[in-house]
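> Need a 3D model of the sequence below.
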Amino acid sequence: MNQIMNKINNFVYFGVPTGEGSLGKNDGAKDAPSYLSKLFSVPIENFSLTKNDVEKQQSEIFLQATNIFESKINFTKNKAFFIGGTHDVTFSLFKAFKEKFPSAELLIFDAHVDSDEGLGVVSHEDFVKQLVKQKIVKPKEILIFGGQRIFHSERKFIKLKKIKVTKSTKILKEFLSKSKELYFSFDVDALDKKIMKATGYPENKGVNLVQVEKLLDLIFSSNKVKVFDFVELNPSLITKKEELLLKSILKPYF
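All right, here's what the predicted structure looks like:
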């Protein structure tokens, strides 16, 4: 497929059209790549994935992402923008990026810390825990911005591994200043459910429109982000008001 780049941010766009890693809780996320492609009139190259096989999909995502990082992205000139899909896609996308850049760090915007007890396959509920357990990333290389809802088992894990979870802009700035190559993952449920309910687990006390635009500007102006993923959006639940919100937030990146 043809690739198209955002002239300001030099993004190359890819879709990861799967919702199966939500374990039936946000299947509609698979349609987000096509929805955002139409919304912003941007052609997106979609991954080829085997249906109904979450474990195989992770292998396929890893192999295709590895190929993208090796042959389709010149990181001195370009950045990769991946549109999920559910948040489990970040597991294999980041794994491939980490192999390309061993010093890479992971910044996550999320209402959750995705470190729950696993079910044998990587899912959107445990991908952070799996990245750490499989030693793909060190806990100190992760910052989760948000974390409005953290379950007991997750809290124990986060505390044990000393993974930073914050809502502090100061801590975010410190993380950005120390980073070299950065992978930034944006779960749409980081937005307060008063303005965004089109996802599997909308939560209270998330960021509002003004806050998210300032935070995104801060992150991208650091010039540390090499890969950006946007996940967990469920187009089947979107209202006109939420569509306008997405246009406002994402327009600078399309």
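> Tell me, how many residues neighbour Thr76?
6 (other CB atoms under 10 Å). To be clear about C-beta, it is placed using only N, CA and C from the backbone, and glycine gets the same treatment.
> go on, Leu244?
11.
> For my notes, confirm it occurs in a strand.
No: according to DSSP: H, G, I helix; E, B strand; the rest coil, Leu244 belongs to no strand; its state is helix.
> Pull up the gap between it and Leu209, please.
10 Å (CB to CB, to the nearest Å).
> Equivalent analysis for Lys161, please.
33 Å.
> quick one: the helices in the stretch 101-250 of the chain?
127-133, 152-161, 169-178, 209-221, 240-250 (DSSP state H, counting those that start in this stretch).
> quick one: contacts of the worst-scoring helix or strand of the chain on mean pLDDT?
Least confident helix or strand of the chain, by mean pLDDT, DSSP states H and E, is helix 152-161 with a mean of 92. Residues from elsewhere that reach helix 152-161 (CB atoms under 8 Å, 6 or more residues apart in numbering): His112, Val113, Ser115, Asp116, Glu117, Lys129, Val132, Pro139, Ile150, Ile163, Val165.
> What is the burial count for the second one?
Read it as Val113. Count around Val113 with other CB under 10 Å applied: 25.
> So for it, what's the pLDDT?
With respect to pLDDT, Val113 scores 94.
> for it, what are its contacts?
Residues near Val113 by CB under 8 Å, 6+ apart: Val128, Ile144, Gly147, Ile150, Glu154, Ile158, Ile163, Val165.
> Nearest to Ser221 among the residues you listed?
Of all these, Ser221 sits closest to Ile144, with 20.7 Å by CB to CB.
> what's the closest non-adjacent residue to Ile195?
Leu245 (5.8 Å; CB to CB, 6 or more residues apart in numbering).
> Any idea which residue is closest to the centre of the chain?
Nearest to the geometric centre of the chain sits Ser185, at 2.8 Å (CA atoms, centre = their mean).
> Surely it is in contact with Asp114?
No: counting by CB atoms under 8 Å, Asp114 is not a contact partner of Ser185; they are 9.7 Å apart.
> Quickly list what's touching both of the two.
Contacts common to Ser185 and Asp114, judged by CB under 8 Å, 6+ apart, are His87, Ile108.
> which residues in this protein form strands?
11-16, 45-46, 79-84, 105-110, 142-146, 164-166, 182-187, 225-231 (DSSP state E).
> packing partners for the last one?
Yep, that's strand 225-231 we're talking about. Counting contacts by 3 or more CB pairs under 8 Å, 6 or more residues apart in numbering; DSSP states H and E, strand 225-231 packs against helix 32-39, strand 79-84, helix 89-100, strand 182-187.
> any chance of the ones you listed in a markdown table, plus mean pLDDT?
Formatted as a markdown table, the helices and strands packed on strand 225-231 follow (pLDDT from 0 to 100):
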| stretch | mean pLDDT |
| --- | --- |
| helix 32-39 | 97 |
| strand 79-84 | 97 |
| helix 89-100 | 98 |
| strand 182-187 | 98 |
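> Redo the ones you listed as TSV? Include distance to Leu176.
Putting the helices and strands packed on strand 225-231 into TSV (distance: least, CB to CB, whole Å) gives the following:
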stretch	distance to Leu176
helix 32-39	25
strand 79-84	15
helix 89-100	17
strand 182-187	7
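> Which of these sits closest to Gln58?
Short answer: helix 89-100, nearest of the helices and strands packed on strand 225-231 by CB to CB, at 4.8 Å.
> Counting by contacts, list what that closest one packs against.
Helix 89-100 packs on helix 54-67, strand 79-84, helix 127-133, strand 182-187, strand 225-231, going by 3+ CB pairs under 8 Å, 6+ apart.
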